[in-house]
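Q: Take this sequence and fold it.
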Amino acid sequence: MNLVDTKTGNKINGKIKKLTKAKIKKLKGGKKFEFDWSLEEANEVYAIVRSGSTELLGLISLTDVSEELRIHINLIESAIPYRGKEKEIDGIPGCLIGFACEMSFKKGYDGFVSLVPKTRLVNYYQEKFGFLMTGRSMVVFLEVAQSIITKYLKDE
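A: Down below sits the predicted model:
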């Protein structure tokens, strides 16, 4: 996993784990996250953490849309200290999106991942990750999804 300490440039080992319904219910927003993640308890919610730590660096809510052969990102958020120009760790959203792409390949969906972005984030998803606009949704698949996995999840 390619997380980077922005102060030192050193690589940080991380892992992604599925959260229990009980843990999701406790994530109502506040000092760590803005969104009320308890609203996502019907979906699969995963957290990225530093190896050897329980601190949640970021969260992603996913839905397996098997009838359309895709994984949908319902919500994604880096913890407040890990976003913006002054963030302490870089690569959190990329690792979470890479995880969704990897899950899509494992299910035989050819890396097909979708999301419905906030308007102000459309350019970010296009420029940073290569998402394509398709109506209200944005998508990645095949080579673009594989490049996200390689960049954010594979050790260099």
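Q: Distance of Ser147 relative to Phe129?
A: 9 Å (CB to CB, to the nearest Å). Yep, even glycine has a C-beta here, placed from its N, CA and C like the rest.
Q: Could you do Lys32 as well?
A: As judged by CB to CB, Lys32 and Phe129 stand 24 Å apart.
Q: okay, these two: which has more neighbours?
A: Ranked by neighbour count (other CB atoms under 10 Å), Lys32 and Phe129 place Phe129 first, with 22 against 16.
Q: quick one: Met103 and Phe35, what's the gap?
A: Distance from Met103 to Phe35, by CB to CB: 21 Å.
Q: ok, for the residue most central in space within the chain, nearest residue in space, not its chain neighbours?
A: The chain has Leu96 as the residue nearest its centroid, 2.6 Å off, counting by CA atoms, centre = their mean. Using CB to CB, 6 or more residues apart in numbering and skipping residues adjacent in sequence, the residue nearest Leu96 is Ile60, 4.2 Å away.
Q: pretty sure Glu88 is touching Thr8, no?
A: No - if you go by CB atoms under 8 Å, Glu88 and Thr8 don't touch, sitting 10.3 Å apart.
Q: out of the two, which sits in the more crowded spot?
A: The neighbour comparison of Glu88 against Thr8 (other CB under 10 Å) goes to Glu88, with 13 against 8.
Q: any idea how far Arg120 is from that one?
A: According to CB to CB, Glu88 stands 23 Å off from Arg120.
Q: The one helix or strand Val45 maps to - contacts with which helices or strands?
A: Element membership of Val45, judged by DSSP states H and E, is strand 44-50. Contacts defined by 3 or more CB pairs under 8 Å, 6 or more residues apart in numbering; DSSP states H and E place strand 44-50 against strand 14-18, strand 56-65, helix 92-106.
Q: try 10 Å
A: strand 14-18, helix 21-25, strand 56-65, strand 70-78, helix 92-106 (3 or more CB pairs under 10 Å, 6 or more residues apart in numbering; DSSP states H and E).
Q: Out of these, the one nearest Met138 is which?
A: Met138 lies closest, by CB to CB, to one member of the helices and strands packed on strand 44-50: strand 70-78, at 9.3 Å.
Q: which stretches of this protein have low pLDDT?
A: For the chain, applying pLDDT under 70 flags the ranges 156.
Q: and the residue located most distally from the centre of it, what are its phi and psi?
A: In the chain, Thr8 marks the outermost C-alpha relative to the chain mean, sitting 23.4 Å out by CA atoms, centre = their mean. Dihedral angles of Thr8 (phi, psi; degrees, to the nearest 10) stand at phi -100, psi -20.
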